[in-house]
Structures are given as structure tokens and as C-alpha cells.
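Mind folding the following:
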Amino acid sequence: MIIKPQIYNLKLVIIALTVLLCALGLYSYINYSSLNQYKNFLVDENALIEAELNQLSIDYNALKIDNQLLSDRLEKSKIRIIRILDSVKHITPDIKLLTHYKEQLHAIKRENAKILKLVAQLNKENKLLEEEARLADQALDETILLSKNLKQQNINLSKLNTNYLNEIDKAKMISVSDIFVEGVKRVTTSGNIKTTTTAKRIKMLNVCYTVLKNDIATQGKKELYFQVLDPKSNVIAYKGDVAMGDTSLMYSQLDVINYTNNNLQTCVFIELLENETLIKGEYYITVYHDNQLIGSATATFN
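Alright, predicted model coming up:
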């Protein structure tokens, strides 16, 4: 009767120990699972930080910044990323270190955001400047084109003006018509002219002509130069040379008239030189004024 209570108590102790062992086992299992989860968490966080750092490094390398100050700030951030990334790759995950690196990563991200904002602002300003430069270049091109067009117009107007002036000068020129040439063997004391068509008997030529009316020509003294060429193109009755532009004219006679814008009929004697004798054939008579040929005629002597 005394043994049974002892066995009962022993059973209770065994049950209690079993329950305790089970509880300890369950606790150990739970702690083990939690520890594995914690380690996995640290590994994942470490990998996440490493991945973000790698991406930041790639993004930084892709940035092209012309501004020297921003470029220096970007370079410093890249150096910080490289150092943190190197540490993250070679450390054993630890919550304290990971927290520190996360803070560094957030700081770099904030710096990155500031840099990107400044870059965006600079790009915007650069686009505005580029647009202003484009508009300025366009305006300059238009100005140059306008200047060329105006220059060409001025050239055209200058040519047109020159043509007008030339036409006006031509219009203002006097002209000679109805030139009549006769051979003269002598003039009597009473003023009668004895003419001849025999070349060797001619001592002078009597050239009568009409200066035509021209309302826009200038009035006053006009110098008319006559040149007479024999059938061999030799100048007869040579009196001298007169400049005619870039050349000179060997003239046979100078006749000065008083022009009043009206028709003027007049004559001039062209005396041969001493011992000068004409030959048979056709003679060519031309009249010049102000470097211009203003009339011509022919005469034939036997």
C-alpha cells in the first residue's frame, strides 16, 4: 500500500519533465527558426542595399554634366558609393552596420535628387539658351540674306540709274543730219563758191549740215570735229588730234557753233593742206561732239 503513491509521484515527475523537455524543444525550435529568419533578413537587406548602390553607380556613370561644380559633387558621391558598396560586399551582415549603410544610402539618394534637380534646371536653361541662340542665328541669317538682297537691289538700281543717266546723256546729245559735201576749187572775192567734182582740182571741201532741234540739250557753244578720209582711209586736211575717251581723233576741221535748241543749218570750209591733192574715189566724212559720233556722210569725186 505504501509503494503505489511513490509510483504515482514518479509518473507525475516524468510527465512534468517530458512536458518541460517538449517546451524546451519547442522554444529552441522557435529560436532557431527566428535566428534563421533574422539571418535571411540581414542577407536580403544587404543584397538590397548592394543592388541599390550598384544602380546608383550605373545612373551616375550615365549622367553627363558640363557644369564643373555639379560634376565635382557627382564625383564625390560616386566615390562614396564605391566605398560603401565595397564594404557591403565584404562584411558579415549586421543590423547595426546595415542601419548605418541604409542611412548613408538615403543620404546619397537625397544628394542624387538634388543633383538631378539641378541638372534638370541646367538642361532647361540650356534649352532656352539654345533656342535663343537658334533664333539669334535665324535672325542673323535673315539679316544677312536681307543685306545681300538689298545689296543686289542697290547694284541693280545703280545699273538702272547708270543706264538712265546714259540714256539721258544720249538724249541730251545733239545730232547732225542732211550733210552735204561739195568740192570747191575757189571762192571769189564777192563770196561766190566755185564748185567742182574733179578731185585734183579741189582746194577745199564745203560741208553743209543741219544740227537738229533738241529741247533737253544744253545751249551754248558746241565744238564739232570733222574728219575726212580719202579712198585709202588717209585723213586729209589734217589739223591736229583731239582726245576721244581712251583714244584720240585726227581731225580735219573744228567748227564752233552757238546752239539754241533749235534746228541750225550751217556750213564749214575744210581747206586742204599746201601741196595736198585729192584722188579719185569715195570720201567718208564724220562729225564728232563730246567724244560721240553725231553724223556721217560720203562724197565721190572724179
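
Tell me, how many residues neighbour Ala243?
9 (other CB atoms under 10 Å). Backbone N, C-alpha and C define where each C-beta goes, glycine included.

give me the element Ser158 is part of.
helix 95-172 (DSSP states H and E).

Centre of the chain to that helix, how far?
Relative to its chain's centre, helix 95-172 lies at 15 Å (CA atoms, centre = their mean, to the nearest Å).

Next: stretch 11-19.
The answer for stretch 11-19 is 107 Å, by CA atoms, centre = their mean.

And for Ile216, the neighbour number?
If we define neighbours as other CB under 10 Å, then Ile216 has 9 of them.

elements contacting the longest strand belonging to the chain?
For the chain, the strand with the greatest residue count under DSSP state E is strand 176-187. When contacts are defined as 3 or more CB pairs under 8 Å, 6 or more residues apart in numbering; DSSP states H and E, strand 176-187 packs onto strand 193-196, strand 204-211, strand 264-271, strand 281-289, strand 292-301.

tell me the contacts of Ser252?
With contacts defined as CB atoms under 8 Å, 6 or more residues apart in numbering, Ser252 is in contact with Phe226, Gln227, Val228, Val235, Ile236, Ala237, Tyr238, Lys239, Ile270.

let's go with 6 Å and repeat that
Taking CB atoms under 6 Å, 6 or more residues apart in numbering, we find Ser252 in contact with Phe226, Gln227, Val228, Ala237, Ile270.

Of these, which is the nearest to Tyr284?
Lowest distance from Tyr284 to those (CB to CB) belongs to Val228, with 7.3 Å.

just to revisit the earlier point, let's have the helices and strands packed on strand 176-187 in JSON lines, adding mean pLDDT and distance to Asn156.
Formatted as JSON lines, the helices and strands packed on strand 176-187 follow (pLDDT from 0 to 100; distance: least, CB to CB, whole Å):
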{"stretch": "strand 193-196", "mean pLDDT": "93", "distance to Asn156": "56"}
{"stretch": "strand 204-211", "mean pLDDT": "95", "distance to Asn156": "36"}
{"stretch": "strand 264-271", "mean pLDDT": "95", "distance to Asn156": "40"}
{"stretch": "strand 281-289", "mean pLDDT": "96", "distance to Asn156": "32"}
{"stretch": "strand 292-301", "mean pLDDT": "94", "distance to Asn156": "27"}
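
Need the winner for burial among the ones you listed.
Stretch with highest mean neighbour count among the helices and strands packed on strand 176-187: strand 204-211 (a mean of 20; mean count of other CB atoms under 10 Å).

Kindly provide the whole-number mean pLDDT of stretch 223-242.
For stretch 223-242, mean pLDDT is 96.

Of all the residues in it, which ones are buried?
Of the residues in stretch 223-242, Leu224, Tyr225, Phe226, Gln227, Val228, Leu229, Asp230, Ile236, Ala237, Tyr238, Lys239 count as buried by neighbour count, 16 or more other CB atoms under 10 Å.

Just name the closest of the contacts of Ser252 to Ser147, please.
Gln227 (50.2 Å).

Contact partners for that closest one?
Counting by CB under 6 Å, 6+ apart, Gln227 touches Tyr251, Ser252, Thr286.

first vs last residue of stretch 240-255, how far apart are they?
For stretch 240-255, the first and last residues are 13 Å from each other (CA to CA, to the nearest Å).

That stretch: how far from the chain's middle?
The gap between where stretch 240-255 is centred and where its chain is centred comes out at 51 Å by CA atoms, centre = their mean.
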